[in-house]
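*Asks:* Give me coordinates for this.
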Amino acid sequence: MLFDHRDTKRPVLIILHQERSSPGRVGQLLLEKGLNLDIRRPVLGDPLPATLEAHSGAVVFGGPMSANDDDDYVRREIDWLSVPLSENRPFLGICLGAQMLVRHLGGTVAPHQEGLTEIGWYPLQATEKGRALLDWPDMVYQFHREGFDLPKGAELLASGRYYPNQAFRYGENAWGIQFHGELTRAMMHRWVVHGAHRFELPGAQMGKAHLDGRLQHDGPLRAWMDNFLS
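*Replies:* As a prediction, this is how the structure comes out:
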């Protein structure tokens with residue numbers, strides 16, 4: 001169990017990276033499970049807690065910035081990940097959040113050697129360890145130009161063709177996923193509109209493929225996200 005929904009008095013810390021960002025479906029699922037949300041945006045100056053004793057766990061979401069950026073809030077956020085790790089509190093990093101966890105653990109975040117991106121729907125292959133934990137979707141939604149190597153001591157749970165490290169677990173309670181399971185339909189429409197300039201990048205899919213793919217692939221992805229959280 002990632003978040004203990006028996007303890008509804010302690011909210012889940014939600015860390016977002018843009019003024020209009022939303023926890024989307026992850027937020028909706030956590031609320032359905034009886035957990036409240038404590039939403040903070042360090043990029044806008046929100047502080048991060050010195051301890052997670054008052055929280056059920058934490059989720060760090062994606063964003064257009066890089067885990068390699070030198071901005072103070074990026075470095076502080078990466079350093080802050082020592083809190084959930086040292087306290088063994090449930091933690092999930094999504095896309096940028098996973099890459100920040102990799103950086104904290106001493107791993108490398110970098111673009112694909114051939115310049116390929118994953119923007120759209122791409123196949124996912126669970127490892128033996130991953131399949132022992134969950135049923136995984138065959139296709140997942142991606143929106144990234146960088147990937148990561150597997151940090152020392154981490155367990156690979158799922159892999160992809162172009163970016164081989166797609167999901168991992170570190171220790172008992174720290175998880176990172178490269179793909180996006182949090183997008184609602186409205187969020188995907190916004191991403192397709194505002195991110196259209198990225199569709200010309202190598203490996204990226206055009207906007208229609210994003211929306212058509214949602215009709216076919218989002219059901220299993222949503223089911224996975226729900227099962228993962230509970």
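
*Asks:* avg pLDDT for the longest helix seen in the chain?
*Replies:* In the chain, taking DSSP state H as the definition, the longest helix is helix 207-229. Mean per-residue pLDDT for helix 207-229: 97.

*Asks:* Check which helices and strands that helix is in contact with.
*Replies:* helix 24-32, strand 118-123, strand 139-144, helix 185-194 (3 or more Cβ pairs under 8 Å, 6 or more residues apart in numbering; DSSP states H and E). For every residue, glycine as well, the C-beta is placed using N, CA and C.

*Asks:* And the second one, what does it pack against?
*Replies:* Which is strand 118-123. By 3+ Cβ pairs under 8 Å, 6+ apart, strand 118-123 packs against strand 139-144, helix 207-229.

*Asks:* Which one of these lies nearest to residue 70?
*Replies:* strand 139-144 (19.6 Å; Cβ to Cβ).

*Asks:* Tell me the helices and strands packed up against that closest one.
*Replies:* If contacts are counted by 3+ Cβ pairs under 8 Å, 6+ apart, strand 139-144 sits against strand 118-123, helix 207-229.

*Asks:* Identify all contacting residues around it.
*Replies:* Strand 139-144 is contacted by residues 62, 95, 117-124, 163, 166, 178-181, 183, 188, 191, 195, 198, 210, 213-214, 216-218, 220-221 when judged by Cβ atoms under 8 Å, 6 or more residues apart in numbering.

*Asks:* Quick check: phi and psi on the residue nearest the centre of the chain?
*Replies:* In the chain, the residue lying closest to the centroid (Cα atoms, centre = their mean) is residue 94, at 0.8 Å. Main-chain dihedrals, residue 94, degrees, to the nearest 10: phi -110, psi 120.

*Asks:* bridging residues for it?
*Replies:* residue 177 (DSSP bridges).

*Asks:* where's it relative to residue 182, distance?
*Replies:* 6 Å (Cβ to Cβ, to the nearest Å).

*Asks:* Quickly list what's touching both of these two.
*Replies:* Counting by Cβ under 8 Å, 6+ apart, the residues touching both residue 94 and residue 182 are 26, 61.

*Asks:* Run through the residues that contact the residue nearest to the centre of the chain.
*Replies:* In this structure, residue 94 makes contact with 26, 59, 60, 61, 62, 177, 180, 181, 182, judged by Cβ under 8 Å, 6+ apart.

*Asks:* Any figure for the gap between it and residue 114?
*Replies:* Applying Cβ to Cβ to residue 94 and residue 114 gives a distance of 25 Å.
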